[in-house]
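K.L.:
sequence below, structure please.
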Amino acid sequence: MTTRSAQNPLKFAFFGTDPLAEEVLNALERADMRPTLVVASPDKTARDRSVVFPTEKKWAQERGIAVMQPHKISQECIDDLAREEWDLFVVASYGKILRRALLDIPKRGTLNVHPSLLPRLRGPSPIRSAILRDEKETGVSVMLLDDEMDHGPLLAQRSVLIVDWPPRGRDLDALLAREGGTLLAEVVPQWMSGMIKAQEQDHSKATYCSAFTKEDGKLDLIDGDPYQNLLKIRAFDGWPGTFAYFERNGERIRVSIIDAHLKNGALVIDMVKPEGKREMPYADFMRSGARPAR
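P.N.:
Numbering: from 1, shown residues only. Down below sits the predicted model:
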């Protein structure tokens with residue numbers, strides 16, 4: 001499958017998807033650490049039936065790095081990886097269950113980049129949940145994976161200052177991906193040389209977050225708290241998005257709320273996208289006679 005070379009003495013596999021994968025890979029590359037294998041998410045089929053490659057696969061192919069795209073980490077996949085000797089596995093927002101049999105294959109285990117200050121916000125949505133819960137103190141962690149969710153011992157953490165709060169979700173995705181990748185690139189050589197030891201998390205302080213659905217993005221523009229609505233708009237930026245219902249000429253309309261800000265404690269909506277229409281300024285939409293509905 002892969003071979004070790006003089007230019008790449010550390011033989012490691014990278015498991016990752018958006019939103020962290022590409023920035024973490026870039027940080028490792030800047031530190032002269034390229035994976036010998038990238039385990040990416042499967043390709044997707046667009047509405048026009050064209051094939052869409054995940055960003056981590058494109059990154060690997062541009063550099064001639066081997067790629068695997070399993071739909072799940074099966075025993076066959078584990079056996080395939082176990083046929084070779086690995087120094088390390090690295091994980092960044094991979095999103096699939098990684099069994100102990102896989103985590104233990106490399107000599108120095110499996111490291112994970114997690115975009116929160118663990119043990120806070122364990123789970124699949126730490127970045128967006130931090131915004132939604134108004135947790136201004138955020139950061140990144142590098143941990144040694146075990147077979148419980150975000151439970152393994154910590155190697156390093158770094159706080160990240162967010163000057164303009166609340167940030168848009170995709171902006172915080174990118175920022176914590178860069179910070180996490182930079183921290184990982186610093187930690188890996190120290191971990192491989194035995195200079196640092198993993199420290200148990202304080203499990204009594206653990207908090208958890210869950211995956212979101214599109215329906216979680218519903219806003220109450222009539223009775224809802226303006227600041228809480230803004231947090232949701234910023235947290236769900238891109239995915240899953242936020243929406244509200246309006247009435248116009250007796251018709252009920254579902255409208256995506258793209259962006260907003262606060263002014264004198266009131267929510268000021270900037271951009272919207274009515275169902276089946278293009279994005280437009282909220283003021284233009286309201287001139288059509290629409291009014292918020294429950």
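
K.L.:
for the stretch 101-250 of the chain, give me the ranges with low pLDDT.
P.N.:
Judged against pLDDT under 70, the stretch 101-250 of the chain has no low-scoring part.

K.L.:
pull out the buried residues from stretch 158-172.
P.N.:
Within stretch 158-172, the residues scored as buried using 16 or more other CB atoms under 10 Å are 160, 162, 166-169, 172. Yep, even glycine has a C-beta here, placed from its N, CA and C like the rest.

K.L.:
need those in a markdown table (columns: distance to H114 and secondary structure).
P.N.:
Compiled in a markdown table, these are given as follows (distance: CB to CB, whole Å; DSSP: H, G, I helix; E, B strand; the rest coil):
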| residue | distance to H114 | secondary structure |
| --- | --- | --- |
| V160 | 13 | strand |
| I162 | 17 | coil |
| P166 | 21 | coil |
| P167 | 18 | coil |
| R168 | 21 | coil |
| G169 | 17 | helix |
| L172 | 14 | helix |
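
K.L.:
now do the strands in the stretch 101-250 of the chain.
P.N.:
Assigned by DSSP state E, counting those that start in this stretch, the stretch 101-250 of the chain shows strands spanning 110-114, 138-144, 154-160, 242-248.

K.L.:
check contacts around L144.
P.N.:
By CB atoms under 8 Å, 6 or more residues apart in numbering, the residues touching L144 are 109-112, 152-155, 198.

K.L.:
got a winner among the residues you listed for most neighbours?
P.N.:
N112 (26 neighbours; other CB atoms under 10 Å).

K.L.:
per-residue confidence for the closest residue in space to it that isn't next to it in sequence?
P.N.:
Once flanking residues are discounted, N112 sits nearest to V91: 4.4 Å by CB to CB, 6 or more residues apart in numbering. pLDDT recorded at V91 is 98.

K.L.:
is V91 bridged to anything, and to what?
P.N.:
Under DSSP bridges, the beta-bridge partners of V91 are F15, N112.

K.L.:
surely it meets H114?
P.N.:
No: between V91 and H114 there is no contact under CB atoms under 8 Å: 9.1 Å.

K.L.:
pretty sure L37 contacts M68?
P.N.:
Yes: applying CB under 8 Å as the test, L37 and M68 come out as touching, 6.6 Å apart.
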